[in-house]
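> I would like to see how this sequence folds:
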Amino acid sequence: MKRPLKILYVEDEESIREEMIEILKLDYDDILVAKNGAQAVDIYKQVHPDIVISDIQMPVMDGIKMSKEILSLDAHAKIILITAFNEQSYLEETQALGVKSYLKKPVNIDTLFEKIEALSNSH
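As a prediction, this is how the structure comes out:
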């Protein structure tokens, strides 16, 4: 049975985006999609998804700036950032913003689902 979570997935690379959408749709009912951080902020304002999953490096608005914008609208927003970076400064910056979780590329799907479940059960 699918979980009734509204998830906003943000990714600029089409092939990754399409693959991840199909994977997320296996377990979750409502998947919203944005191609960059600016689109994600607009969608967040309208829909208020339960969880945002976003790449960090994107054109127009990156995931860190997007996270700042969303968290300024809703301090309790649940955001998972996906990064190819191992740099501690990136991770520290995202944690200082209030981002709840992060994943490193390549994304382990089981770990992603565990993080979604943990965030969906937190308050």
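
> and the longest helix along the chain, what does it pack onto?
Assignment by DSSP state H gives helix 14-27 as the longest helix of the chain. In this structure, helix 14-27 makes packing contacts with strand 3-10, strand 28-34, judged by 3 or more CB pairs under 8 Å, 6 or more residues apart in numbering; DSSP states H and E. The C-beta positions use only the backbone N, C-alpha and C, and glycine is treated the same way.

> Now tabulate these in TSV and tack on mean pLDDT and distance to Ala40.
Below are those laid out as TSV (pLDDT from 0 to 100; distance: least, CB to CB, whole Å):
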stretch	mean pLDDT	distance to Ala40
strand 3-10	92	4
strand 28-34	94	4
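
> Identify the residue spatially nearest to the most centrally placed residue in the chain, adjacent ones excluded.
Most central in the chain under CA atoms, centre = their mean is Ile53, positioned 1.2 Å from the mean C-alpha point. For Ile53, ignoring the flanking residues on the chain, the nearest one in space by CB to CB, 6 or more residues apart in numbering is Ile80 at 4.7 Å.

> With Lys45 instead?
Leu73 (6.6 Å).

> Then Thr94?
Nearest to Thr94 is Leu81, by CB to CB, 6+ apart, at 5.4 Å.

> shouldn't the one you found be in contact with Val99?
Yes: Leu81 is within contact range of Val99, at 5.6 Å (criterion: CB atoms under 8 Å).

> Please identify which of the two sits among more neighbours.
Between Leu81 and Val99, Leu81 has the larger neighbour count (other CB atoms under 10 Å), namely 27 against 24.

> I'd assumed the residue nearest to the centre of the chain was in a helix, is it?
No: secondary structure of Ile53 (DSSP: H, G, I helix; E, B strand; the rest coil): strand, not part of a helix.

> Identify the bridge partners of it.
Tyr9, Ile80 (DSSP bridges).

> which element is Val60 on?
If you go by DSSP states H and E, Val60 is not part of any helix or strand.

> Please name the nearest non-neighbouring residue to it.
Asn36 (4.0 Å).

> so what's the one you found up against?
10, 12, 58-61 (CB atoms under 8 Å, 6 or more residues apart in numbering).

> what's the closest of these to Val41?
Met61 (7.2 Å; CB to CB).
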